[in-house]
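Peer 1: the sequence and its predicted three-dimensional model are supplied below.
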Amino acid sequence: MMELAGNVALVTGGLRGIGAATALELAQNGADVAVCDLQQTPEGEQLLDTIRRLGRQVLFCAADVSNFNRAQEVVAEVVRALGHLDILVNNAGINRDHVIWKMTEQEWDSVLGINLKGVFNYSRAAAPIFRTQGRGKIVSISSVNGLRGQPGLSNYAAAKAGIIGLTKTLAKELGKYQVNVNAIAPGYIETKMTENLAADVKAEALKGTVLGRLGAPEDIAHVVTFLCTEGARHITGEVIRVDGGEYM
Ligand code: NAD
């Protein structure tokens, strides 16, 4: 299926995990893909090679999403190199877990700066382009923990809940320009982010799903891709849980 042919997508934090699966699936559906991430890695090189071999154009920009000015530069670079921008996937994120009485200011600031301000930075940079061209898609990766809260994750849950308020507001601000703005709330997905979590946290998450399975990055990539297609044109301001029934 080449439904996204002619589209240019920018995926933040797209060199591994959910972002990498998303960049690949968007490319498999015909989109040219720009990825920004902290720095290039061998794994990232491989991903971009795979996308290139599909016949798609690829651009890598080194960037920390918490940097406002860099976001403006990256978006300008994407438009310069790939011609335009149609899809923004706000995916970059980190976790720095501690219960509130142990959480440091640095842990709070870094998680809010990357997971929430990062979404503002890139949406702020893309919005004028989407508004002027009268089309665009923004999909941001929130979390079920932003919906329900979770011990040890006050910074992360606050940032992920913040994404939901931001998503609904941007959907209202940009709707008349035919820009769809949505969020996905994944449950536990097996990536680098979760690989070092304690075994009992993983077991608990597995027990919590009604499907009896943990998610894979592709489970999120499929839904991002769908939200970028014509079939999803009437969906905006929505938060879609993709969690095997973990939170309901
Ligand atoms: P991951 O750690 O495997 O990948 C995150 C990517 O973001 C990495 O490539 C990393 O280099 C990049 N990144 C980190 N900080 C950055 C920064 N400051 N600027 C630019 N790039 C940066 O994690 P993942 O599981 O693939 O997570 C992707 C998104 O999904 C995150 O927003 C995460 O919060 C969210 N999420 C993950 C899960 C899960 O269980 N894995 C659940 C819900 C939500």
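Peer 2: Here it is on my side, so go on.
Peer 1: from now on I want contacts and neighbour counts done on CA atoms only, so please keep to that.
Peer 2: Will do.
Peer 1: what sits closest to Thr41 if chain neighbours are left out?
Peer 2: Leu15 (7.7 Å; Cα to Cα, 6 or more residues apart in numbering).
Peer 1: the one you found and Asp200: what is the separation?
Peer 2: For Leu15, the distance to Asp200 (Cα to Cα, to the nearest Å) stands at 28 Å.
Peer 1: next one: Gly6
Peer 2: 45 Å.
Peer 1: show me which of the two is the more surrounded one.
Peer 2: Gly6 (13 against 9; other Cα atoms under 10 Å).
Peer 1: ok so that one is a strand residue?
Peer 2: No. Counting by DSSP: H, G, I helix; E, B strand; the rest coil, Gly6 is not part of a strand but coil.
Peer 1: and the pLDDT for the residue nearest to it when sequence neighbours are not counted?
Peer 2: The shortest distance from Gly6 to any non-neighbouring residue, by Cα to Cα, 6+ apart, is to Ala31 (6.1 Å). At Ala31, the model reports a pLDDT of 98.
Peer 1: isn't Ala31 up against Val8?
Peer 2: Yes. Counting by Cα atoms under 8 Å, Val8 is a contact partner of Ala31 at 5.5 Å.
Peer 1: regarding this protein, what is its longest strand?
Peer 2: Ranked by residue count under DSSP state E, the longest strand found in the chain is strand 179-186.
Peer 1: tabulate the CA atom coordinates of the next helix or strand after that one in CSV.
Peer 2: Using DSSP states H and E, the helix or strand that follows strand 179-186 in sequence is helix 192-195. The C-alpha coordinates for helix 192-195 follow below in CSV (Å, rounded to 0.1, in the frame of the first residue of the first chain):
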residue,chain,number,x,y,z
LYS,A,192,15.0,0.0,25.2
MET,A,193,13.0,2.3,27.4
THR,A,194,11.3,-0.7,29.2
GLU,A,195,14.1,-3.3,29.0
